[in-house]
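Novice: Here is a sequence with its predicted model. Questions after.
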Amino acid sequence: MRAGIVFGVLSGAAWGAVFLVPALLPQFSPLLLASGRYLLYGAVSLLLVGRALPRLWRRLEKGELRLLVELALTGNLIYYVLLAGAVQMAGVASTSLIIGATPVVITLLGRRDAGAVSLRRLVVPLGMVLAGVACINLDVLLSAHAQARPLGERVFGMALAVGAVLSWAWYAARNARFLQSQSRFDGNQWSLLWGMVTGALGGLVWLAVLALPGDAFLPGADTTSADWTRFWALNLFLAIACSWFGNWMWNAAARRLPLTLSGQMLVFETLFALLYGFTWAQRWPTILELVAVGLLVAGVVMSARRHAQPPGAAPMPH
């Protein structure tokens, strides 16, 4: 469990950066951001797997290629399109804290899995997580730093963030159950296979964007070569640090923790995203944001303690 928690923290530190990049590239559409990132993720995965590709490919059993496509869509492409749109419409802080509700959804999906803690014992910590999300939603609607965005745009951005939560929770449950059921692939090998499939899908999305009539998903004519250089540089960073390394660390955590606890590790993604977002915006968090962070952290700590404590045992000392 300790090793799994460490891997979960490392994946959160890596994934926290994905919230910031869409804000740094506002002239590029979410579809273009997702396809560019995952094209490079596929290229990095292919480079890293090298001559081991035929051997890994032969290990795939019936239905597992289809599973890789499903995971690439729900955990990467669809999720990141929704997340990037949410960041550009509702902001980094609000999106990252709405994503903080993901542990609740994953816990509900994993309530019958091996090692799961009963929902009755998780009512209080999950309630704290939901209260934290409620605080940040109120902050998005009322706080001064969000008023520069039209209300309708902010609400639509929040809806996209909710869609991202559902997409990623579905991926997390499917991926964790697969990794725990087999020993043919370790976390890094599965991340590389998944990355190559994601890269192929990202290439198809890129071609689709170019083939669509009009230029609704393409940057404006005033986009410079420096903008494109920044686009590819930031997406290369995401491909290596967030997609390859972050997914590797997450897979390692998912193999060691029950689903109802591994989902709680996503709070570290939220916390690192907030840290990066506040640093980029050069502002301190609001009172509601601080309350939300406190509730999220307290909920996850309580959940982890209850996973470590056998049912019926005396409460662990503080």
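Specialist: Noted; the coordinates are in hand. Numbering: from 1, shown residues only.
Novice: For W168, the count of nearby residues, please.
Specialist: Summarising burial for W168: neighbours were counted as other Cβ atoms under 10 Å, giving 25. C-betas here are computed from N, CA, C, even on glycine.
Novice: Use 36 as the first number from now on
Specialist: New numbering, starting at 36: the last item is W203.
Novice: residues touching it, list them.
Specialist: W203 sits next to 109-110, 114, 134, 137 when contact means Cβ atoms under 8 Å, 6 or more residues apart in numbering.
Novice: Check the contact between L309 and A327; I expect there is one.
Specialist: No. In terms of Cβ atoms under 8 Å, L309 does not count as a neighbour of A327; the distance is 9.1 Å.
Novice: Which of those two has more residues huddled nearby?
Specialist: Neighbours around L309 and A327, counted as other Cβ under 10 Å, are more numerous at A327. The numbers are 28 against 23.
Novice: From what I see, the more buried one and L165 are in contact.
Specialist: No. Applying Cβ under 8 Å as the test, A327 and L165 come out as separate, 10.7 Å apart.
Novice: quick one on the thing from earlier: now that we have the contacts of W203, which one has the most neighbours?
Specialist: With neighbours taken as other Cβ under 10 Å, the top of the contacts of W203 is I134, carrying 26 neighbours.
Novice: can you list contacts of stretch 311-322?
Specialist: Contacts made with stretch 311-322 from outside it, assessed by Cβ under 8 Å, 6+ apart, are listed as 51-52, 54-55, 58-59, 126-128, 131, 174, 178, 180, 309, 328.
Novice: among those, which ones are buried?
Specialist: Members of these that pass the buried threshold by neighbour count (16 or more other Cβ atoms under 10 Å) are listed as 51-52, 54-55, 58, 126-128, 131, 174, 178, 309, 328.
Novice: so which of the contacts of stretch 311-322 comes closest to L195?
Specialist: Nearest to L195 among those: G126, at 12.0 Å, using Cβ to Cβ.
Novice: Quickly note the distance from that closest one to G329.
Specialist: With distances taken as Cβ to Cβ, to the nearest Å, G126 is found 20 Å from G329.
Novice: swap in L59?
Specialist: Taking Cβ to Cβ as the measure, L59 and G329 are separated by 28 Å.
Novice: circling back to that earlier point, check the contacts of W203 and tell me the two furthest apart.
Specialist: Greatest spatial distance in the contacts of W203: T109 and I134, 14.5 Å, computed using Cβ to Cβ.
Novice: pLDDT averaged over stretch 192-209 - what is it?
Specialist: In this model, stretch 192-209 has a mean pLDDT of 90.
Novice: what separates stretch 240-256 from the chain centre, distance-wise?
Specialist: When distances are taken as Cα atoms, centre = their mean, to the nearest Å, stretch 240-256 is centred 25 Å away from the chain's centroid.
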